[in-house]
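Asks: from the sequence below, what's the structure:
(chains A and B)
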Amino acid sequence: MSVEIFRDVAKPILTGFSITAKRLMHRKVTVQYPDQMREQFPRNRWRHFLTRYESGLERCIGCSLCAGACPARCIYVEAAENTDQERYSPGERYAVRYEINMIRCIFCGYCQDACPTGAIVLRKNFELADYKREDFLYTKEMLLESYPGESNEPYVSKYMPK
Amino acid sequence: MPKKIETVVFHDSSTPVLGGIEKGGNVVITTAETLIAQARAHALWPLTFGLACCAIEMMSTVASRFDLARFGSEAFRATPRQADVMIIAGRLSKKMAPVLRQIYDQMPEPKWVISMGACASSGGVYNNYAIVQGADQVVPVDVYVPGCPPSPDALIYGIMKLQEKIKRKKAKSFGDLRLIELTPRTLETEVKV
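Replies: Here you go, the predicted structure:
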């Protein structure tokens, strides 16, 4: 009788709790996401940036190769001629409109591969969720970095405590 | 007495956001609706609606690395009767759309929808005859999460955005909490000849 109690009741309980005890020793795996960011993989691709040269001129020349390479057809580029009075990029032409539908984009990075001047890059900002559909149409003003090298800075979460 | 006809609300996304949460000392004075909104925001039970590969990321959001239980949303329900938020994870085919709508209608009233991923939000690369170009053609969507698929932290960010939205909402009546259209749309329209 007592052997049966040990075999059927006590032993399974001990076996079960031994697993619990082992897991208690284990290091904690949870990433406390809003307070603490996990390390992103080096080739992670998220939000797009239009980069600038060191001189402040835009890299984008409005060639629409990114729009051609895009499998989701979410990029729209409209080019215009540079003049000596208004110079945006070193080449002949620049992108007067550059729009990405961020909700249709699949972040494949083909635009980055196709770009001959390295203008469009995908960086680590993954916090893109929003309430309205219209807010996902990223215009050139939103995509273009405000100063050279802004896109290479490490991304800080919007919920990160200061 | 004619019955009052309420206007059709297609989307809740355009509702104006009012007020915030006031804090002060050891005594907290609040309204019942703020308290209810807090309670609702911090116990969002999702309905699994995994349709494609986004569901894998949704599963790993609940797993120990990202641990959605920290936000009170770990209880994934397989029945719409017990769920608060529907996470549409994956491409929504046209054959699945009526099923999605029916399951959405079966959810109890304060209910929200997260459209997860490019395919559910807009169709993504699948711009063809079989895929609904955006789940908001079928149900009103509260939060869109872009990505293909969104990483678990991106989905958690979307859930935090939804919590913010629920907390900021000041409902005047229970009718205001309804996110579906108050008078259902019908396909029959009067044709004037």
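Asks: show me where chain A has its strands.
Replies: In chain A, the strands defined using DSSP state E lie at A:48-50, A:75-81, A:93-101, A:120-122, A:137-138.
Asks: just the CA atoms of stretch A:98-108, as CSV, please.
Replies: Extracted in CSV, the C-alpha atoms of stretch A:98-108 (Å, rounded to 0.1, in the frame of the first residue of the first chain):
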residue,chain,number,x,y,z
TYR,A,98,9.1,60.1,-52.7
GLU,A,99,6.3,58.1,-51.0
ILE,A,100,6.3,54.7,-49.4
ASN,A,101,3.1,53.0,-48.3
MET,A,102,4.5,51.6,-45.1
ILE,A,103,1.5,49.4,-44.6
ARG,A,104,2.0,47.5,-47.9
CYS,A,105,5.8,47.4,-47.6
ILE,A,106,7.2,44.0,-46.7
PHE,A,107,10.6,45.2,-45.6
CYS,A,108,12.4,43.0,-48.1
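Asks: partners of the spatially most central residue of chain B in the sheet?
Replies: Nearest to the mean C-alpha position of chain B, by CA atoms, centre = their mean, lies B:V113 at 1.6 Å. When assigned by DSSP bridges, B:V113 has beta-bridge partners B:M86.
Asks: ok, which of the strands of chain A comes nearest B:L100?
Replies: strand A:93-101 (22.7 Å; CB to CB). (C-beta placed from N, C-alpha, C; glycine too.)
Asks: by contact count, what packs against that closest one?
Replies: When contacts are defined as 3 or more CB pairs under 8 Å, 6 or more residues apart in numbering or on different chains; DSSP states H and E, strand A:93-101 sits against strand A:48-50, strand A:75-81, strand A:137-138, helix A:140-143.
Asks: so how far is the last one off the chain centroid?
Replies: In terms of CA atoms, centre = their mean, to the nearest Å, the centre of helix A:140-143 is found 15 Å from the chain centre.
Asks: please apply the same query to the first one.
Replies: Averaged C-alpha coordinates place strand A:48-50 at 10 Å from its chain's average position (CA atoms, centre = their mean).
Asks: repeat for the second one
Replies: Shown here is strand A:75-81, whose average C-alpha point lies 23 Å from the average C-alpha point of the whole chain (CA atoms, centre = their mean).
Asks: one step back: so the residue nearest to the centre of chain B touches B:D84, yeah?
Replies: No: when contacts are counted by CB atoms under 8 Å, B:V113 is not listed as touching B:D84 (10.4 Å).
Asks: so what's residue 66 closest to, chain neighbours aside?
Replies: I went with chain A, as the question did not name one. Nearest residue to A:C66, sequence neighbours excluded (CB to CB, 6 or more residues apart in numbering or on different chains): A:C111, at 3.6 Å.
Asks: think we crossed wires, I meant chain B
Replies: Going by CB to CB, 6+ apart, B:F66 has B:P152 as its nearest residue, at 4.2 Å.
Asks: how about A:Y88?
Replies: Nearest to A:Y88 is A:Y94, by CB to CB, 6+ apart, at 3.9 Å.
Asks: ditto for A:I75
Replies: Of all residues not flanking A:I75 in the chain, A:A67 sits nearest, at 4.2 Å (CB to CB, 6+ apart).
Asks: would you agree the one you found is in contact with A:C60?
Replies: No: A:A67 is beyond contact range of A:C60, at 11.6 Å (criterion: CB under 8 Å).
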